[in-house]
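S.K.: Structure of the sequence below:
(2 chains)
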Amino acid sequence: MSDTLILTPNINGADDFYADLLAAHEGLTKAESDAYNARLLLVLANHIGERAILKQALAAAALNSEEEQS
Amino acid sequence: MNKIFEVPMYPYARHEDQDAGAPVRRKVVVIGAGPIGLAAGIELAQSGVEVVILDENDKVSFGSRAICFAKRPLEILDRLGCGQPMVDKGVQWNVGKVFFDDRQVYDFNLLPEEGHQRPAFINLQQYYFEEYLVNRVQELQAQGAPIEIRGRNKVAAIGTHPDHVVLDIDTPEGSYNLEADWLIACDGAGSPTRRMLGLDFVGRVFEDNFLIADVIMEADFPTERWFWFDPPFNKGQSALLHKQPDGVWRIDLQLGWDIDKEREKRPENVIPRLKAMLGDDVEFELEWVSIYTFQCRRMEKFRHGRVLFAGDAAHQVSPFGARGANSGLQDTDNLIWKLKLVMEGKAPESLLDSYDQERIHGADENILNSSRSTDFITPKSEMSRVLRDAVLDLSEHHEFARPLVNSGRLSVPCTYDGSALNSADALLDGPPRTRPGSSCPDAPLGDGYLLPKLGNEFILLTIDADGPEEIKEAGITARRLALSVKDDRTLALKERYLGDHESGVYLIRPDQHVAARRASYDETQFRAAIRRAVGKE
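M.R.: Just a heads-up that it's a prediction; the model follows:
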């Protein structure tokens, strides 16, 4: 497994995934959506598992840092 | 009937030092007869070092206070001659349950590792803990050991000098002066010694209050640790239920920041809270109620010349994880053998600086862990709460989230990685848990266990390896303990000390931490390791 976060397109059927994401939030209040997002984040983070990748993901999501942090 | 903590254990008695023409000089004075001060005194007295313990009070801890004692401190207490009564009296537990809102989200079993003489934890009221230590002091006194506890001796002023300290001590019969070569301050989180010396105590204050109640009840709750996040009976807060000996239950209820402490402590306000938690039909009696706030902070240095700070006086943590008294006992375990060597002239005074280095490392680890627990238990922002609740909700359905739930990471011994007293690890790819700096893990040896055989002196442990029966180096004698992996049919000794190696040689410090290890004995290397372990290399 690579220890570098993938930041190039990597999802097959990007539009379908995005539609699934929106559908998951359909009908939820803001509070419910926040809770859902938090659970989704934790599920995905556990699947990734690798701390080095997670660190890079935390940095990438902040938008203002270098892609790579070692 | 009087509770044990209402009876004077070491009542004031006039001492000849109070009538001396000039201040008497004692070898070591310990301020504070709490768990840490008593442990320090016992260890000194056991090896014949004169010690006077001063306490402004004359009783053991008021209320249960510290109740959870971990394996490592129990192993230390074995060497102080009082581990057994504590284990006999204490309540052992392995199962914990976690509740969120109105439901149980999961339970866990600590599943303690096999092959250790002592359990992972016992619950025991601090007043019993202190009583057993005081009993041990009295036993030592009966054997003629140079130890005394002077009750209602309150230190009012401290003068520090390069080679001694001078104390002004107030008693019910007036004040007197006493000198000491060394002073160990074990006078708690509010340490008057620290204040009198004008020393710092910086860190983080948590804006929260917790109600602790000790409740006596005949209830059929099992011997488990129950922790509630956001329960219906304490909305938006947390709660803890834990069993102690004698049918006493510890209940912790988080109250939040803006409360009237005096009002909340009154039984007419406490009892309805407890009834909401326990149910209306449970009969109980309140033994003790207190409200506490806490901080996570430490002194910048624990050694100030001839004054050494230990326990809560040196560092304070949140109660989650039982890291207060447990870490304090590891402080004095680290300190006393060094102080003895310095007092005997066998080690340079600079050895005491390694107490600073090693135990500050330990304090920082405890502060980090207990701050993280606190941040999980009491989220400080809206998103912190959203994430916390997400973890708890997930933990009910998916096992992966359970390790993220943090209601306290229970105390484990600190490894002194990077300590100047360690020699480089020469057992290549040996078990990480016994690398230099680690505290020795126990292992079964036929009818007994490893740790009691190590005692509290320098040991050259050889496992299926040759070595001399003793090494004398720089005034230190390391006695050999020769073992074979065949001595332990469970193979725990091999797994914990050799790993894939066929043999191993360990230099073990008097506090049972590993100073050096190699696959085989090498005289030059081990002599150097002894010098390094006492600050001479």
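S.K.: Let me know the secondary structure of the residue nearest to residue B:151 when sequence neighbours are not counted.
M.R.: Among residues not flanking residue B:151 along the chain, residue B:58 sits closest, at 3.3 Å (C-beta to C-beta, 6 or more residues apart in numbering or on different chains). Where you see a C-beta, it was placed from the backbone N, CA and C, and this is true even at glycine. Here residue B:58 is coil, with the state taken from DSSP: H, G, I helix; E, B strand; the rest coil.
S.K.: how near is residue B:58 to residue B:128?
M.R.: Distance of residue B:58 to residue B:128, given as C-beta to C-beta, to the nearest Å: 17 Å.
S.K.: can you check residue A:59 too?
M.R.: 51 Å.
S.K.: Could you check how many residues crowd around residue 28?
M.R.: Using chain A. Residue A:28 has 13 neighbours, counted by other C-beta atoms under 10 Å in any protein chain shown.
S.K.: not quite, I wanted chain B
M.R.: Residue B:28: 25 neighbours (other C-beta under 10 Å).
S.K.: partners of the helix or strand harbouring it in the sheet?
M.R.: Residue B:28 belongs to strand B:24-31 when elements are defined using DSSP states H and E. Applying DSSP bridges, strand B:24-31 is found paired with strand B:51-54 (parallel), strand B:174-185 (parallel).
S.K.: Quick one: the ones you listed as TSV, columns for mean neighbour count, distance to residue B:243 and mean pLDDT too.
M.R.: Below are the strands paired with strand B:24-31 laid out as TSV (neighbours: other C-beta atoms under 10 Å in any protein chain shown; distance: least, C-beta to C-beta, whole Å; pLDDT from 0 to 100):
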stretch	mean neighbour count	distance to residue B:243	mean pLDDT
strand B:51-54	26	31	98
strand B:174-185	21	33	98
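S.K.: Distance to residue B:219 for these - can I get that in JSON lines?
M.R.: Shown next, in JSON lines, are those (distance: least, C-beta to C-beta, whole Å):
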{"stretch": "strand B:51-54", "distance to residue B:219": "38"}
{"stretch": "strand B:174-185", "distance to residue B:219": "41"}
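S.K.: wouldn't the residue nearest to residue B:151 be in contact with residue B:153 here?
M.R.: No. Counting by C-beta atoms under 8 Å, residue B:58 sits too far from residue B:153 to count as a contact (9.4 Å).
S.K.: Ramachandran angles for the residue nearest to residue B:151?
M.R.: In terms of degrees, to the nearest 10, the main-chain angles of residue B:58 are phi -140, psi 20.
S.K.: tell me the contacts of it?
M.R.: Applying C-beta atoms under 8 Å, 6 or more residues apart in numbering or on different chains to residue B:58 gives the contacts B:8, B:9, B:10, B:11, B:12, B:151, B:152.
S.K.: Pull out the buried residues from those residues.
M.R.: B:9, B:10, B:151, B:152 (16 or more other C-beta atoms under 10 Å in any protein chain shown).
S.K.: In strands, which of those residues appear?
M.R.: When DSSP state E is applied, those are split such that none fall in strands.
S.K.: quick one: which of these is nearest chain A?
M.R.: Closest to chain A out of these is residue B:9 (50.5 Å), distances taken as C-beta to the nearest C-beta.
S.K.: Skip the chain neighbours and tell me the closest residue to the closest one.
M.R.: residue B:134 (5.1 Å).
S.K.: What parts of chain A come near chain B?
M.R.: Residues of chain A lying close to chain B (C-beta under 8 Å from any C-beta of the partner chain) are A:34, A:35, A:38, A:39, A:41, A:42, A:43, A:46.
S.K.: Just put those residues in a markdown table and tack on pLDDT.
M.R.: A markdown table is the format used below for these (pLDDT from 0 to 100):
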| residue | pLDDT |
| --- | --- |
| A:34 | 98 |
| A:35 | 98 |
| A:38 | 98 |
| A:39 | 98 |
| A:41 | 98 |
| A:42 | 98 |
| A:43 | 98 |
| A:46 | 98 |
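S.K.: so what's the residue positioned nearest the centre of chain A up against?
M.R.: Nearest residue to the geometric centre of chain A (C-alpha atoms, centre = their mean): residue A:41, 6.1 Å. Counting by C-beta under 8 Å, 6+ apart, residue A:41 touches residue B:390.
S.K.: Point me to the residue of chain B nearest chain A.
M.R.: residue B:390 (3.5 Å).
S.K.: which residue ranges form the helices in the chain?
M.R.: Going with chain A. A:14-25, A:30-48, A:51-61 (DSSP state H).
S.K.: should've been chain B
M.R.: Using DSSP H, the helices of chain B run over B:35-46, B:71-79, B:83-89, B:126-142, B:192-196, B:261-265, B:267-278, B:325-343, B:351-377, B:382-397, B:450-454, B:492-497, B:523-533.
S.K.: now these in JSON lines, with mean pLDDT?
M.R.: Formatted as JSON lines, these follow (pLDDT from 0 to 100):
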{"stretch": "helix B:35-46", "mean pLDDT": "98"}
{"stretch": "helix B:71-79", "mean pLDDT": "96"}
{"stretch": "helix B:83-89", "mean pLDDT": "97"}
{"stretch": "helix B:126-142", "mean pLDDT": "96"}
{"stretch": "helix B:192-196", "mean pLDDT": "97"}
{"stretch": "helix B:261-265", "mean pLDDT": "92"}
{"stretch": "helix B:267-278", "mean pLDDT": "91"}
{"stretch": "helix B:325-343", "mean pLDDT": "97"}
{"stretch": "helix B:351-377", "mean pLDDT": "94"}
{"stretch": "helix B:382-397", "mean pLDDT": "97"}
{"stretch": "helix B:450-454", "mean pLDDT": "97"}
{"stretch": "helix B:492-497", "mean pLDDT": "98"}
{"stretch": "helix B:523-533", "mean pLDDT": "98"}
